[in-house]
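>>> predicted model follows, preceded by the sequence.
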Amino acid sequence: MTGEKKDFAGPLTPDEQKAIRTYDTWVEEDLGCGRGSLLKLFLLAGVAAMVVIAAVLSWHAGLSGEEPVDRNKTAATAVPQDEKPAPEKNKGVKLIYRVPGETDQHILAGIGKVMKRRLEGLGLEEFEMITEESSGEIKILLHRINARQAAAARRILSLSGKILFAIEATEEELQDPVTGLGPKFQLEAFLKAQEKKMQERIRSGQTHTTGEAMELFRKPEYFPDPKAPLVGGAPPRYHYYPPWRWKSKKTGKRMGPRFGAIVHRTADKIFDGGDLDRVFLIEPEPEVEPALAFEIKPGCKNRFRDLTRKHIRRNFCIIINEKLIARPQIMTELPGSGIIQGLGTVEAIKETITLFRSGRLENMPVLVKEEPITSSPR
């Protein structure tokens, strides 16, 4: 519409004349300068805009393939009724250990006590322990733990927890025909052979071990006299311990001793870590790696001093969990305390502290089975 009056030719009836007057009045008042015209225009424009927006939204929904949401529907009707519930999540791990050899309830109870303390040292609270004397098995149910916690539990239960200080044997002592392994024993060749085996383990992905400790007996072929007595049931004269090698987070390089060590088994050349009074962590500082500090029991300090005084300038091997940690040279008599470096990270040292406080495992249990737990504890 233009707002202009329309002209009609010919005679008009009274009704037509009334309609024309009404039309003219609407044009002049509503589309002219009459009052209220702007308000009605704005109202009409608003209604038109709403219609346009509704049309655009309807068109967009049609393109996306989505149906208009009915807000009157409840949340229950919005979920497909035939959808299957999610499978039940793993609620823990069941570890079954077997103690080799002859065992009784007393032995199993002692081993179980040590294992319980170690799990508690990790901060695990929800677990059950069942011992079966007939089978020599210890079943541990670890409830509501993640994969990282399960791995830490398996590791700490696989360690002996033993600490040993021992004098390293020299090649001359090892080749002694009476007290050693015989003149044919070659120390350097033996250590290199063990290092080769260690490298093969590392290349194959067995980063959790660098070899096994072994007892060394006096063998007849090491002696020039063919009539040399066979060892038989005699105790081993020496013990070999593989090195503890760990990867530095800072440099990415492997740290620790390159070679293992053969140590004496005689009482005058070893000091049992069971005589330690306490161990604690020395926090790392810039350019200084973390360390483990130890103190000897008051009644055993004199024996520790005597051992170090008699073997000055000899290598003093520190062995933890059947691995050689370090072999510092004794430069002077040592008091009944000291610091052990080379254990690796702070976490590794804390693990050693947990092992010491929980006790040693003389009879090492073997993990024979692991399975998930799918039901919550009662």
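Perfect, thanks for sending it.
>>> which parts of the stretch 251-378 of the chain are helices?
Using DSSP state H, counting those that start in this stretch, the helices assigned to the stretch 251-378 of the chain run over residues 301-310, 346-358.
>>> contact partners of the shortest one?
Applying CB atoms under 8 Å, 6 or more residues apart in numbering, the contact partners of helix 301-310 are 165, 167, 268-269, 271, 275, 296, 316, 330, 332-336. For glycine as for every other residue, the C-beta is placed from the backbone atoms N, C-alpha and C.
>>> buried ones in it?
By 16 or more other CB atoms under 10 Å, the buried positions in helix 301-310 come out as 301, 304, 307-308.
>>> about what we covered before: which stretch in the helices of the stretch 251-378 of the chain is the model least sure about?
Lowest mean pLDDT of these: helix 346-358, a mean of 90.
>>> rewinding a little: a markdown table for the helices of the stretch 251-378 of the chain, including distance to residue 279?
Shown next, in a markdown table, are the helices of the stretch 251-378 of the chain (distance: least, CB to CB, whole Å):
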| stretch | distance to residue 279 |
| --- | --- |
| helix 301-310 | 15 |
| helix 346-358 | 5 |
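>>> circling back to that earlier point, any of the contacts of helix 301-310 buried? List them.
Listed as buried from these are 165, 167, 269, 271, 275, 296, 316, 330, 334, 336; burial here means 16+ other CB under 10 Å.
>>> shouldn't residue 94 be in contact with residue 143?
No - the pair residue 94 / residue 143 is not scored as a contact, 9.7 Å apart, by CB atoms under 8 Å.
>>> what's the following helix or strand after the helix or strand of the chain with the lowest mean pLDDT?
None of the helices or strands of the chain scores lower by mean pLDDT, DSSP states H and E than helix 75-78, at a mean of 41. Downstream of helix 75-78, the first helix or strand assigned by DSSP states H and E is strand 92-98.
>>> output the contacting helices and strands for that next one.
With contacts taken as 3 or more CB pairs under 8 Å, 6 or more residues apart in numbering; DSSP states H and E, strand 92-98 sits against strand 137-143, helix 147-156, strand 366-373.
>>> strand partners (parallel or antiparallel) of it?
strand 137-143 (antiparallel), strand 366-373 (antiparallel) (DSSP bridges).
>>> show me what counts as buried in it.
Of all the residues in strand 92-98, those buried under the rule 16+ other CB under 10 Å are 92-97.
>>> point out where the stretch 51-200 of the chain drops to low pLDDT.
Along the stretch 51-200 of the chain, segments meeting pLDDT under 70 span 51-90.
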